[in-house]
Each structure stands twice: as structure tokens, then as C-alpha cells.
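Student: I would like the atomic coordinates for the input below:
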Amino acid sequence: MNKDKKMMSIVAADGSIDEVEVVLAFEFKDNQKEYVIYTKNEKDEADNVTVYVSNVDRSTGKPKLLGIESDEEWSRIKDVLRELAKTE
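Tutor: Prediction:
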């Protein structure tokens, strides 16, 4: 196992736990929203690794992953993903 990989556990609504690899965590300073891009290292039919993006809610003291709420948020996140792809 690569020591540089950052792993996290995600607990689903049904109580099952997934170990996932964190690709990138970042925050948009203007709206104070924190996001995490992660993967289960699954590949699609074109052999691309599937990634997931969630909004991180820390308001309850325990981090909770939420869906992306708006098209504007998705647009900004896609810009981050494009920049990330350029550096890979």
C-alpha cells in the first residue's frame, strides 16, 4: 500500500462502511464550504477511475458528507477537477 495515500472511512445510511482514498480536500474561502474528492478506485468502461465529490459538513462536530446543492457549486468544482487533471 502506498504510504502517501490518505484514506478515510465513509459510513453509509445503512451502516455499511467504505474505505476510500482521498484525492483532494479543499475549501472555497468566499463561501466557507469545504469539499472532498475521493475514489473507491473503481474503473468505468473506458478504464478511467471514478471519483466522487461531497460537501463536508462539520457543524455537528462529526464530519458528514453532503451532496452538491447547486449548478454553480458544480461548475466551480469542475474547474478544480480540470486543474487537477492538468497536474496529473
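Student: what about the strands in the protein?
Tutor: All strands of the chain, identified by DSSP state E, fall at 6-11, 17-28, 33-43, 49-57, 64-66.
Student: for these, which one sits closest to Trp74?
Tutor: strand 49-57 (8.5 Å; C-beta to C-beta). The C-beta positions use only the backbone N, C-alpha and C, and glycine is treated the same way.
Student: what is the least confident helix or strand in this structure?
Tutor: Using mean pLDDT, DSSP states H and E, the weakest-scoring helix or strand in the chain turns out to be helix 71-87, at a mean of 90.
Student: can you tell me the centre-most residue of this protein?
Tutor: Residue closest to the mean C-alpha point of the chain, counted by C-alpha atoms, centre = their mean, is Ile37 at 2.1 Å.
Student: from Val23, how far out is it?
Tutor: From Ile37 across to Val23, the span is 4 Å (C-beta to C-beta, to the nearest Å).
Student: need the overlap of contacts for the two.
Tutor: 51, 84 (C-beta atoms under 8 Å, 6 or more residues apart in numbering).
Student: now the strands of the chain as TSV including distance to Ile77 and mean pLDDT?
Tutor: TSV is the format used below for the strands of the chain (distance: least, C-beta to C-beta, whole Å; pLDDT from 0 to 100):
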stretch	distance to Ile77	mean pLDDT
strand 6-11	18	93
strand 17-28	9	94
strand 33-43	7	95
strand 49-57	6	93
strand 64-66	13	93
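Student: of the ones you listed, which is nearest Lys86?
Tutor: Closest among these, once you apply C-beta to C-beta, is strand 17-28, at 13.1 Å.
Student: the closest one - contacts with which helices or strands?
Tutor: Where contact means 3 or more C-beta pairs under 8 Å, 6 or more residues apart in numbering; DSSP states H and E, strand 17-28 is packed against strand 6-11, strand 33-43, strand 49-57, helix 71-87.
Student: sweet, I'm off.
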